[in-house]
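Q: Any chance you can model this:
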Amino acid sequence: MKYDILVIGSGPGGYVAAIRASQLGKKVAIVEKAELGGICLNWGCIPTKALLKSAQVFEYTKHAADYGINLTNPKVDFVGMVSRSRGVANNMSKGIEFLMKKNKITVITGYGTLKAKGKVEVDNDGKKEMVEADHIILATGARSRNLPGIEQDGKKIIGYREAMVLDKQPKSMVVIGSGAIGIEFAYFYAATGTEVTVVEYMDRIVPVEDSDISRELTKIYKKKGIKIMTSSAVKSVDTKGAGCKVTVETKKGLEEIKCDIVLSAAGIETNIENIGLETLGIKTEKGKVLVDEFYKTNIDGVYAIGDITAGPALAHVASAEGIICVEQIAGEKPEPLDYGNIPGCTYCIPEIASVGLTEEQAKEKGYELKVGKFPFSASGKASAAGTKEGFVKVIFDAKYGEWLGAHFIGVGVTDMIAEAVVARKLETTGHEILKSVHPHPTMSEAVMEAVAQAYDECIHL
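A: From the prediction side, this is the model:
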């Protein structure tokens, strides 16, 4: 079989690249060893959001009386929550299958390995076939990273995949790492009744976020009963006996925590082993495939996108890279991706969304700043909804009005951050945001109010 473009991996980078290539008139095939949609649709972005929504609904039921609704003793059906999550994931994967058929993309089941220039061997449980293509795009993604000496056994020390399908809810859990994965699972399990401790090596949780966001989330999580241990490191986990004994090194010395389950959420590692990189001499550095601004490797006809490259390991980044890659192959002359304007979202409750520079980063770069912050406690829509936690923070260059960064924490803010992304792309100034009428009452008014606060024009503070 010979194709114009062959994609290895059907996650949000791979399947989007395949569809765009088909739209551009290319003969396309995609190789996938498991479910269509990759980790994101099946074991990441989508099913975790289903679990988080279940937890949020349960929290609503516990506070139903605040909304004038009487409910008696609402309880968590943990197995039911997991079942719903898996159903959502399965439906999404079927949707990708439909899109492959609609776009006339050949799906080849199996594990793809580069064998020679333009040739990929696909192994489907021992049945092998050779597939040829003029252009090969590697989109093999990443997996949960094992910490040295704390190997995941899938039972007591688990990764994100096992965390989504436990057959019963643990009474207690230690979460190692407070990035997006760790902090989302910490919320889900704590909200549904598990006693949760988060251990973070850095001096604050969600350490990539603006420090104001970290402080706010810490305050909210402690109020929810989640124990936060920062500037701490898990040194060992003893799994002998009924549960786990976790030894944590803190500033004050060693501390032992007993729990049922340990969730290791300390980052990811790339899936680049055994895909034939060495066979073709494709260059890598620190576990990432080296590519140019259009995702071409050092070998003609071979490209790499998504988590296996140096960009942020985010689904929407992989999709954007896939589109740019195939458009360049097709001669469309696309614009390279601006990695300085990539939004990041964490879907705990309250949600976190950000783009651009933090206040600390902007100061380090020497900018004179105008910073505005508007709390949702002053928002009419948030008060009506009973979701007053959090705020919108915006950062502008005082000299030219450039929107340097936006940092949101609150219910629904992941749906609001796109305003800042688009405005920054269009080089919109703070004054232009102020003159753009925002609808009332909405959560998005907080963006306008935060900008107004930065320019000493805020009405509702």
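Q: domain parsing for this structure?
A: 2-144+269-339, 157-266, 350-454 (automatic domain parsing).
Q: which one of these lies closest to residue 461?
A: Closest approach to residue 461 among the domains of the chain (Cβ to Cβ): domain 350-454, 5.9 Å. Bear in mind the C-beta positions are built from the backbone N, C-alpha and C, glycine included.
Q: First-to-last residue distance for the closest one?
A: One end of domain 350-454 to the other measures 23 Å (Cα to Cα, to the nearest Å).
Q: What's the mean pLDDT across that domain?
A: Average pLDDT, domain 350-454: 97.
Q: Now render the domains of the chain as CSV, adding distance to residue 460 and mean neighbour count.
A: Formatted as CSV, these follow (distance: least, Cβ to Cβ, whole Å; neighbours: other Cβ atoms under 10 Å):
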stretch, distance to residue 460, mean neighbour count
domain 2-144+269-339, 23, 19
domain 157-266, 19, 19
domain 350-454, 5, 19
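Q: want to try JSON lines for those domains, with distance to residue 151 as columns?
A: Shown next, in JSON lines, are those (distance: least, Cβ to Cβ, whole Å):
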{"stretch": "domain 2-144+269-339", "distance to residue 151": "11"}
{"stretch": "domain 157-266", "distance to residue 151": "7"}
{"stretch": "domain 350-454", "distance to residue 151": "30"}
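Q: for these, which one sits closest to residue 150?
A: Comparing the domains of the chain under Cβ to Cβ, the one sitting nearest is domain 157-266, at 5.4 Å.
Q: Now do the closest one: distance from first to last residue.
A: Domain 157-266 has its terminal residues 12 Å apart, counting by Cα to Cα.
Q: could you show me where the helices are in the stretch 251-400 of the chain, in order?
A: With DSSP state H, counting those that start in this stretch, the ranges of helices along the stretch 251-400 of the chain come out as 277-280, 315-329, 359-364, 380-385.
Q: closest one to residue 192 among these?
A: Taking the helices of the stretch 251-400 of the chain one by one with Cβ to Cβ, helix 380-385 is closest: 21.6 Å.
Q: Output the contacting helices and strands for the closest one.
A: Applying 3 or more Cβ pairs under 8 Å, 6 or more residues apart in numbering; DSSP states H and E, we find helix 380-385 packed against helix 445-454.
Q: quick one: the helix it packs on to chain centroid distance?
A: Its chain's C-alpha centre and that of helix 445-454 lie 26 Å apart, by Cα atoms, centre = their mean, to the nearest Å.
Q: what's that helix in contact with?
A: Residues from elsewhere that reach helix 445-454 (Cβ atoms under 8 Å, 6 or more residues apart in numbering): 370-374, 376, 378-382, 391-396, 406, 410, 416, 419-420, 430, 433-434, 436, 438-439, 458-461.
Q: burial of residue 459, as a residue count?
A: When neighbours are counted by other Cβ atoms under 10 Å, residue 459 registers 9.
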